[in-house]
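Novice: Kindly generate the corresponding structure for this input.
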Amino acid sequence: MKLSSLLLAVLLLPAQLLSADLLEMRYALPTEQPRAIKAAWGTEPLWLAPDIVINQRHVQEAKAAADENNQGSWLVVVKLTAEGTKRFDDEAAKHQGDQLAILVNGKVVSAPVIQASKFGGVLQISGLLTTQKEAQELATALSSGLKK
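Specialist: Next up, the predicted model:
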C-alpha cells in the first residue's frame, strides 16, 4: 500500500517539475514584461526573458580557478559544447552589456553582465567571487546537472 501511494505521489508531480532543466541561463529584462519570469536576486526581483539561452545540455564542464587579472579573487570557467558555443555567441552578440541570470534548479545563483560579443565556447564568471569556496560552490552548482 505504501509503495502504491509513493508511485501515485510521483505521478501527480507537475510535468513542469519533472522535465525542468537543472541549469538554465536566461537574460534579465529591465522591467516586467509579458511572459517575463519573476525571480529573486538580492533584495529586488529580477525579471527574466522566457527563452532559455543555454541549459545543462550545452555545458561540458564548470570549474573554479584563481583570477589571474585580479589577485586574491576567483572565477568560474564554463566550457560549452559546440552547440552551446553557437547558441551563446549568437545571443551574446545581441546582448553585450546585458545581465544574464544563471539558474540552478530554478534559483538564480549568479547574474553577471555579458562583457563581450563572442566567447568561443569558454565563459568566465567573475567579479563577486572573492574566495575559492564561493567559486567552487558556483562551479559545483553549475556542474550538478551535467552527465559525467
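Novice: Okay, now the unreliable bits of this structure?
Specialist: Within the chain, the segments meeting pLDDT under 70 span 1-21, 145-148.
Novice: Show me where it has its strands.
Specialist: Under the criterion DSSP state E, strands of the chain are mapped to 23-29, 37-41, 44-48, 54-55, 59-66, 74-80, 100-104, 107-110, 122-125.
Novice: For those, please prepare a markdown table with the additional fields distance to Lys86.
Specialist: Yep, even glycine has a C-beta here, placed from its N, CA and C like the rest. Putting the strands of the chain into a markdown table (distance: least, CB to CB, whole Å) gives the following:
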| stretch | distance to Lys86 |
| --- | --- |
| strand 23-29 | 14 |
| strand 37-41 | 24 |
| strand 44-48 | 22 |
| strand 54-55 | 10 |
| strand 59-66 | 14 |
| strand 74-80 | 9 |
| strand 100-104 | 16 |
| strand 107-110 | 22 |
| strand 122-125 | 14 |
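Novice: Which residues are in contact with Val78?
Specialist: Val78 sits next to Val59, Glu61, Ala62, Val122, Leu123, Gln124, Ile125, Leu142 when contact means CB atoms under 8 Å, 6 or more residues apart in numbering.
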